[in-house]
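Q: Any chance you can model this:
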Amino acid sequence: MTATVTARTRLRSLPLAALGTCLLSFAAFWLAQRAAHVSMLDLSVYRAEGETALAGGDLYAMRATSANLPMTYPPFAALLFTPLTLVGVPEMRTLATLGNLLLLVALTHLSLRLVVSRGPEALRRGGAFWTRPGAALWLAAVLVWCEPVWQTFRYGQINLLMAVAVLWDLTRRADSRWVGIGIGFATAVKLTPGLFVVLLFVVGVLCARGDGFAPWRNEWLRRGTRATAAFLVVTVASAVVLPYDSRRFWTEMIFETGRVGRTEETANQSLSGVLARLLHTMDPGVWWLVAAAVVGFAGVSVAALAALRGDRPVAVLACALTALLVSPISWSHHWVWCVPALVLLATRVHPAWTAGTALVFGSFALWWVPHAPAPVRLELHQNGWQMLASGLYTLLGLALLGVFAVWVARTRPDGGRLEGLRLAEQRSPSGPLAGPGLGERDTAGGRTGQREPTEGRSVEREPAGGRTGERAQAVANE
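A: Coordinates of the predicted model:
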């Protein structure tokens with residue numbers, strides 16, 4: 001009798017409405033993708049990379065698909081993609097779609113975990129909703145229709161996997177033996193997540209400076225060190241398995257940013273892309289270097305200050321946005337970080353601002369402007385309004401960094417933070433700041449009742465819609 005009652009109670013507690021809505025939305029999304037005849041070109045390139053690695057071929061001389069696409073990731077990525085060769089192409093595409101749907105749910109779950117890590121007082125809007133069991137499913141049902149997510153599925157990209165790896169890492173308890181592994185793994189596949197390693201070391205050094213306590217007791221430095229170690233382990237292992245390709249990538253290919261795609265294309269939503277279209281040139285040169293240096297310094301500074309003042313969600317999002325902005329190429333599908341960004345905004349700002357941000361990512365407006373493959377290059381002949389529309393993600397990213405800077409400036413600094421950090425470490429039986437976050441002490445299920453003092457391309461080739469002329473033509477043909 002007791003077992004029956006328990007089973008009924010668990011069944012009633014399941015978020016059936018959220019699950020049903022999510023499944024219906026995903027089914028409609030899948031049908032829409034099929035109706036759009038998505039080609040999953042990048043997934044085919046991944047498969048070709050795995051086949052080349054298994055055959056002992058030259059990874060960086062390889063060309064795949066009708067678009068004649070090369071490999072631009074580090075050699076470890078090719079080893080990661082070898083399982084794709086075990087199934088046929090139709091099965092591979094189906095499995096990739098299912099896998100990305102699951103990763104989207106995981107990303108929304110981790111985004112919620114990130115924004116609620118500071119406790120109920122930080123959830124200024126809709127507090128009860130964000131802690132419900134079905135919240136991630138409700139969010140995934142809506143956010144699957146954002147343009148960056150759509151493009152990720154369209155090309156069979158791995159952006160969701162990278163974002164999940166980073167957020168999984170940054171939402172783990174500080175005393176977990178796995179902290180740093182996710183960021184190190186993501187950086188070994190793509191280089192852009194390496195900015196999170198920079199952030200960890202910057203905050204760690206700021207916390208340790210003048211304190212006199214051992215670096216290995218500093219949670220930030222330990223996390224950054226483990227991320228670096230994970231990156232080095234898989235990179236060196238790849239060099240052992242693929243010595244020739246590893247040497248070529250780290251001495252030659254890493255500097256050939258032209259392999260990634262054309263800077264001026266509409267799909268490039270980084271500072272370099274906006275400047276190329278604004279200046280009507282294929283190479284913004286020194287203008288991009290200056291802009292990237294300024295934004296990079298400002299973005300990492302905002303992220304570090306947010307982390308030092310205990311605002312982990314802002315620290316993570318500021319770092320992610322900075323990486324997207326300063327990368328030589330940030331295709332629109334790289335902006336899947338819109339998922340945690342929208343979740344964060346929904347918990348802190350007026351719904352109208354959240355809706356406006358969601359409209360930018362859900363309207364596909366950047367594709368309303370003239371764009372065409374080479375040699376036409378309509379992006380170099382856009383007028384003011386067209387350049388504004390084709391740079392929406394970049395402009396929004398800069399605006400969000402500005403908002404985050406204001407939030408951080410309004411946060412009262414804790415004058416005794418470092419002393420409190422030392423005391424927290426001394427009291428903690430399980431190591432520095434034994435909580436799930438960067439600078440907060442939590443239990444496995446959430447915050448404790450008493451809060452401790454707080455701590456407060458990318459060289460790759462990953463084209464998206466409208467990327468290179470050859471790819472755009474191949475998409476049209478396929």
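
Q: Okay, buried residues for the helix or strand harbouring Phe361 please.
A: Phe361 belongs to helix 351-362 when assigned by DSSP states H and E. Using 16 or more other CB atoms under 10 Å as the test for burial, helix 351-362 gives Thr354, Thr357, Ala358, Val360, Phe361, Gly362. For glycine as for every other residue, the C-beta is placed from the backbone atoms N, C-alpha and C.

Q: who does the helix or strand just after that helix touch, helix- and strand-wise?
A: Going down the chain from helix 351-362, the next helix or strand is helix 384-389, by DSSP H and E. Contacting helix 384-389 under the criterion 3 or more CB pairs under 8 Å, 6 or more residues apart in numbering; DSSP states H and E are the following elements: helix 271-279.

Q: What are the contacting residues of the helix it packs on?
A: With contact meaning CB atoms under 8 Å, 6 or more residues apart in numbering, helix 271-279 is reached by 263-268, 282-284, 287-288, 291-292, 295, 325-330, 379-380, 382, 387, 390-391, 394-395.

Q: Buried ones among those?
A: Buried members of these, scored by 16+ other CB under 10 Å, are 263-268, 282, 284, 287-288, 291-292, 295, 325-330, 379, 382, 387, 390-391, 394.

Q: before we move on, back to that, just the mean pLDDT for the helix holding Phe361, thanks.
A: Helix 351-362 comes out with an average pLDDT of 94.

Q: sorry, back to before: just the ones of the buried ones among the contacts of helix 271-279 in helices?
A: Counting by DSSP state H, those place Trp287, Trp288, Ala291, Ala292, Val295, Leu325, Val326, Met387, Thr394 in helices.

Q: Would you state the predicted confidence (pLDDT) at the third one?
A: As predicted, Ala291 sits at a pLDDT of 96.

Q: cool, and the last one?
A: The predicted local confidence for Thr394 comes out at a pLDDT of 97.

Q: Please report how far it lies from Ser44.
A: Separation of Thr394 from Ser44 (CB to CB, to the nearest Å): 29 Å.

Q: Send me stretch 224-234 as CSV with only the CA atoms.
A: Taking C-alpha atoms only, stretch 224-234 is exported to CSV below (Å, rounded to 0.1, in the frame of the first residue of the first chain):
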residue,chain,number,x,y,z
GLY,A,224,42.1,27.5,-13.2
THR,A,225,45.0,25.1,-12.7
ARG,A,226,42.8,22.1,-13.2
ALA,A,227,41.3,23.5,-16.3
THR,A,228,44.8,24.2,-17.7
ALA,A,229,45.9,20.7,-16.7
ALA,A,230,42.9,19.1,-18.4
PHE,A,231,43.6,21.1,-21.6
LEU,A,232,47.2,20.0,-21.6
VAL,A,233,46.5,16.4,-20.9
VAL,A,234,44.1,16.0,-23.9
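
Q: Show me which residues of it are buried.
A: Under 16+ other CB under 10 Å, the buried positions of stretch 224-234 are Gly224, Thr225, Arg226, Ala227, Thr228, Ala230, Phe231, Val234.

Q: which one of those residues is nearest Gly402?
A: Closest approach to Gly402 among the buried residues of stretch 224-234 (CB to CB): Gly224, at 26.7 Å.

Q: unless I'm mixing things up, that closest one is touching Gly204, no?
A: Yes - under the criterion of CB atoms under 8 Å, Gly224 makes contact with Gly204 at 5.8 Å.

Q: what secondary structure does Asp175 sit in?
A: Here Asp175 is recorded as coil under DSSP: H, G, I helix; E, B strand; the rest coil.
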